[in-house]
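# fold the stuff below for me.
(2 chains)
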Amino acid sequence: MTPPDEPPPGPFFADSDDDDYKKAGNEMVMDELPPVGESTSSLSLPQTPRTASSMSSPAVGKLFLDDSDDEELVIPIDNSQVTRLAVLDDGFGVELLSEDPRLKSEASIKSRSVSLLKEESPPPPLPKKRRLSEDIPSRSSPSVNLFPAYLGELIVPNAWSNVSGKGYVKINDTILVRKDEDESEPPTKSKAPAVNTKKKSDNKKQLKLSSMLKVQPAKGSKKKKDNIVRLVNQAGFEFGRLPTETSWWVSKLLELGLIKIRGVMTDCPERLTTGIGLIVTLRFYLLAAAFKPIKSSTSGEDPVHFAFNEGLETEEESSMRERKNSIVKLFEIVGLKPQAGAGANAKGKKSEAKIRDEAIKRMKQRSGKKVKEIVGDGEEIEVDEAEELSKSEIDTIYNRAQKHDQTLSSMEPADTFNMTLRGYQKQALFWMHSLETGSLDAREASSMHPLWSEYFFPQPSVAEGEMIDLTADEMPFYFNPYSGEMSLTFPRAERTCKGGILADEMGMGKTIMLSALIQTSLATQDPDDADADAPSKAKQLRLNSAFRPVNSRKTSSAKPPSATLIVAPTSLLNQWADELERSSKPGTFQICLWHGSNRADLDALLDEDNDDDNKTLKIVITSYGILASEHAKLDRATTNRPPVFDITWWRVILDEAHSCKSRTSKTAKAVYALSAKRKWAVTGTPIINKLEDLFSLLKFLDFKPWSEFAFFRSFITIPFLASDPKAIEVVQIILESILLRREKTMRDTDGKRIIELPPKEILVEQLEFTPLERKIYDSIYHSAKRNFEQLDAKGLVGKNYTHILAMLMRLRRAVLHPNLVVTKDDERALSPAGDARVDVNDLIQRFAEGQQSIQGSTFADEFVANLKGNELGECPICFGEMENPMIIPDCMHQFCKDCIVSHIGICEERSQQPNCPSCNIGPLEANKLVEIVQKDVDAPASSQASDATVSFRRNDFQSSTKLEALIQNLRKLRAQDPYFRAVVFSQFTSFLDLIEIALDRERFEHHRFDGTMDIKKKGAAINEFKTSSRKPKVLVISLKAGGVGLNLTAANHVFMMDCWWNAAVEHQAIDRVHRIGQDKTVYVTHFIISKTIEKRILKIQKRKTAIVNEAFRGSSKADPQSLQNLKIMFGADDDDDDSEDEEH
Amino acid sequence: MSLPKRIIKETERLVADPAPGISAVPHEDNLRYFDVTIDGPDGSPFEKGKFKLELFLTEEYPMAPPKVRFLTKIYHPNIDKLGRICLDILKDKWSPALQIRTVLLSVQALLSAPNPDDPLATDVAKHYKENEKDAQRVSQEWTQKYAK
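Numbers count the residues shown, from 1 in each chain, chains lettered A, B, ... in the order given. You can find the predicted model right below:
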């Protein structure tokens, strides 16, 4: 841009050293001005190659001319000589009368004609310039008066002299600061030459800083740039230089013509000697040229044009970067701080900078290996494992976006919403609504472009008796610290996308919030579509069915959209439908689950019954998998395009939106292809471990300019790789405007937690094995232990890791139920499948028909009548009341289950024939016994075939300690709360089978949820479990399948049947129940069998070796940590008791 | 060691509703140990006799039979010199549904119906088989002599 201006001063004097430069410089300055005015084309600098280069892009020149003129003008001033000043003044003078005074005073232009020009009226110098200046106003009129605008001053204590002798300079002398023009550098050229000789024809080209920005092949001439900044006295003699730590950026700024410097010698010895230290005060003035647009690229309007060559920095880019760095440095040095926008927050909070630094520090180390990831519905892709982010880094990224969340306004949902939103949810609604309507920025009153910051021109100090500029209201200007661009006009944030990322933590009720949004922010209220909004709204969406020609489809889709599409992982589809229904008054939604192989025709769906209820909100819920496969059709089919992509949706919501995080995946591409008025990405983890995870979301949201990968990569990925803090900052800024993330632990303005969950009580129930179980377990344990010790002694543990894990697995099963480890041929193994229920009538019939004694059906009737009477007899064996009465089918004698079963067991042990204890009939078989099951008195309307309140079942099931404990607990629960809901977790589906049998036997209504079930079944299971009814229900769920998203707040009792290596997994499972929406105390019961491997697992959990988690989960390699843990597993038994004591 | 509910109940019932001709009283220091007295059944050689027995409920009871022994000398083919009784329900025909009361009734019944075909005291059995009358006379004598 304006760079040329500054350099000139330097060079001019420098010229003394290198005359050529000087002259050239001067000339150039002069030239520059003219060219600008005229149009760069006119300029042609024979003299210096650089000029040529700058010239090379005449077109650009034109664009910048205006600015460049200004700059040029400025530059001259700097030159110690009047001429320079004059030039500068001219440029500015025309435009900036008010400023002139300052210039004069500062520059001590005094007598020079130049000064006059400046002060009074710039006109004389260059008409052309004026023109330029005139152009400027178009951007922002105020600017005209400002330049050169004072920015601040810097005392350089360590400038040094490079001459010897007296009389070069005195204290308080005005000094000139100059930069040589570097031949090789196009930018420099323009500036440097600007020395007195100004008007030489050569100069013309030099001026164009702008040219730098443009792609200029010529630029790269090989001469190396120097950063020398020369100090020149009023007479034009160089007497010293700036130290390098100052000169690198000063020279750049001068070179680019962005600033003007007025120097004053603050302290120096009377007689200079080479190398002696000088203290100089530099005052910086920003030139109007600084505000010339660099390029469109940074503004983000059409990044496409950018020749982004990933990884490679183009000439312009590097130039831009230097410019940016120099300006940033300047601002830093003079203490100019952004008042708003990009940099403002960062600097306002002390922690912020620190956070950023830490983030940078932590993000090193990246490997280039490919890893497989699963996205969408099980789509597997290979991704670069680069630039992983740690959890804390990710946290810092969210940090900024969260800062103002406390103070967000809130909004009430529409009437159709029939739940109560919590405070933070209302805030979210407000925020989302605001983003959608664009009526205001929910977070800040102004919506500045995210990359820009607002600054105010400081007032120059009055101390030196300078005139105070009365016009100097606080003048804002804007700086983009990422591109180096500056502007006087307010950089509006351009929001082409309506929507954003709702990234509240898991369990905060995101679904509900979106439901509220859907109901509250209606298509009918959309200002854009106001006219289109008609009673027939429901019809608008309709796309043609597949049979209709494509065209007609288009016509129809041209109607304003009103339907909402929700894309979610398959397992959550039903939950979405439920939650929507639950949170709305009946009839609010018309929900279509668009899933499965025979999914309905979307067009028809959306067309359907649009007649009567146009107030119904149409919702289509589908999965990523479906979307991806539909998208595949899109590529193939030319005629029958899948309608889902042709429809313009009113709103698209991606749930668990990180599913599409890899931009090359099919899922992601499908998602990008959706068109909608409003788009929301919902995910608790917008960034999983890479910054680029975010890209996909931005792309989906069409959040420009970041939705262009090249742009994203250039401004985020690459800087990040280079450990440039800006990368994190940019991400923070992006997120600040489109992401809302709250965490459960956050507090509202009153300091209360935003989520108040009911208490959670965890009870570890310590159980003892029965002797038989103990025997089985011990034998397995000891053989495993022996095995391990042998391997360990030979040092082969690592190699046999998998084997050992298998042994451990077996032990863990043994703890649950002997059947899980006993081999099939074991006689006592009871086939769970045989739980055939025995019909009473059948039993009676058999009895009446076949058997000897007793009076046939009369007895049976009586017997059943007795049973119904609910009067349980005394067990002849224990003399107790029979808890689980068992009938011997042959003689109808009854005993306690425990008594008769152990009787049979003992007889078998003694090799005696087990007979009925009462009548000696026999032999008995345990699994032929019939158990009498009492039905719930509360559930008389049972669909059971028999009318009885009792029923029978064969005793073909063997329980276990844990199962019994569970059943006992559930019975107790039932006694206390006849309608309880409980969730039972186990990681072994085979154990889930057994649990189900046990529940069946106890007549508990139960449902099952595991990974093998298809979506319909899963949905049905959850639904039925949640449905309220006057009886207790139990959900049996696999730990692994139940971890994600499920909302089980209907229950408040949790039973953990086994231990997982990693306590976090267990907590997550518990959080299915203990999450928002839960209004009762949650009781968690953990069953642990003492003196088993479970105690040791708990111990490992306490060690918090997260490694265990991965290692045990299946990798076949052992690491030292895991080995250590294995030793705990098989360590001496002695400490078991101790540890138990500790724990209780 | 606490006493199973069943034993407590049995004891209570024995006290509250004793079987005719039979008494069983637990020791105060060992509730599993009973002092038992059985009256010799009428019409048997043991008539008028009061026979003392001891009865002990093992840990396994009722899954295993109680241990019962005559303390009073008795001339009976199924009871030996040491007082041990040969009765199926005290051995393999034990059923957990049997109780102290039923066991003692069985023992009483055994006095009425000696079974020399399944002898424990072989000489007594032989005597009963060869000359039942004479054997019964000896039993009567012993009853008068020992079971007063």
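# check contacts around residue A:171.
Residue A:171 sits next to A:265-268 when contact means CB atoms under 8 Å, 6 or more residues apart in numbering or on different chains. Glycine gets a C-beta too; all of them are placed from N, C-alpha and C.
# looking at this, it is in a strand?
No: membership of residue A:171 in a strand is not supported by DSSP: H, G, I helix; E, B strand; the rest coil, which gives coil.
# what about the closest residue to chain B within the stretch 451-600 of chain A, neighbour count?
The nearest approach of the stretch 451-600 of chain A to chain B comes at residue A:507, 48.4 Å away (CB to the nearest CB). If you count neighbours by other CB atoms under 10 Å in any protein chain shown, residue A:507 ends up with 21.
# same question for residue A:1054.
Neighbour count for residue A:1054, taken as other CB under 10 Å: 26.
# from residue A:1048, how far out is it?
9 Å (CB to CB, to the nearest Å).
# touching both of these two, which residues are there?
A:983, A:1073.
# can you give me the helices in the stretch 201-350 of chain A?
In the stretch 201-350 of chain A, the segments counted as helices under DSSP state H, counting those that start in this stretch are A:210-213, A:244-255, A:296-299, A:315-334, A:342-348, A:350-362.
# just the buried ones from the contacts of residue A:171, in ChimeraX syntax?
Buried members of the contacts of residue A:171, defined by 16 or more other CB atoms under 10 Å in any protein chain shown, are picked up in ChimeraX with:
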select /A:265,266,268
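# take the contacts of residue A:171 and keep only those in strands.
Counting by DSSP state E, these place A:265-267 in strands.
# closest to residue B:115 out of the residues you listed?
For the ones in strands among the contacts of residue A:171, the minimum distance to residue B:115 (CB to CB) is 134.4 Å, reached by residue A:266.
# low pLDDT regions in the stretch 301-450 of chain A?
A:301-318, A:339-394, A:400-401, A:403-406, A:438-450 (pLDDT under 70).
# now with 80?
Applying pLDDT under 80 to the stretch 301-450 of chain A flags the ranges A:301-325, A:333-408, A:422, A:437-450.
# nearest residue to the middle of chain B?
residue B:107 (4.0 Å; CA atoms, centre = their mean).
# residues contacting that residue?
Taking CB under 8 Å, 6+ apart as the test, what residue B:107 contacts is B:38, B:53, B:68, B:85, B:87.
# what's it sitting at in phi/psi?
Phi and psi for residue B:107, reported as degrees, to the nearest 10, are phi -60, psi -40.
# how many other residues sit next to residue A:1003?
19.
# can you give me the buried ones in the longest helix along chain B?
In chain B, taking DSSP state H as the definition, the longest helix is helix B:132-146. Judged by neighbour count (16+ other CB under 10 Å), helix B:132-146 contains these buried residues: B:135-136, B:139-140, B:142-143, B:146.
# who's in contact with residue B:4?
Contacts for residue B:4 (CB under 8 Å, 6+ apart) come out as A:878, B:61.
# tell me the pLDDT of it.
pLDDT, residue B:4: 84.
# same question for residue A:1085.
So residue A:1085 comes in at 92 (pLDDT).
# part of a helix, is it?
No: counting by three-state DSSP, residue A:1085 is not part of a helix but strand.
# quick one, what contacts it?
By CB under 8 Å, 6+ apart, the neighbours of residue A:1085 are A:762-765, A:969, A:1053-1056.
# for chain B, which residues are neighbours of chain A?
B:4-6, B:9-10, B:60, B:62-64, B:92-93, B:95-98 (CB under 8 Å from any CB of the partner chain).
# between the contacts of residue A:171, which sits nearest residue A:1068?
Using CB to CB, these come closest to residue A:1068 at residue A:266, 65.5 Å.
# go ahead and confirm the closest one touches residue A:283.
No: using CB atoms under 8 Å, residue A:266 is not in contact with residue A:283; the gap is 11.5 Å.
# does residue A:421 touch residue A:512 like I think?
Yes: Residue A:421 is within contact range of residue A:512, at 7.2 Å (criterion: CB under 8 Å).
# these two: who's more crowded?
The residue with more neighbours, out of residue A:421 and residue A:512, is residue A:512; 25 against 21, by other CB under 10 Å.
# so how far is residue A:774 from the more buried one?
According to CB to CB, residue A:512 and residue A:774 sit 49 Å apart.
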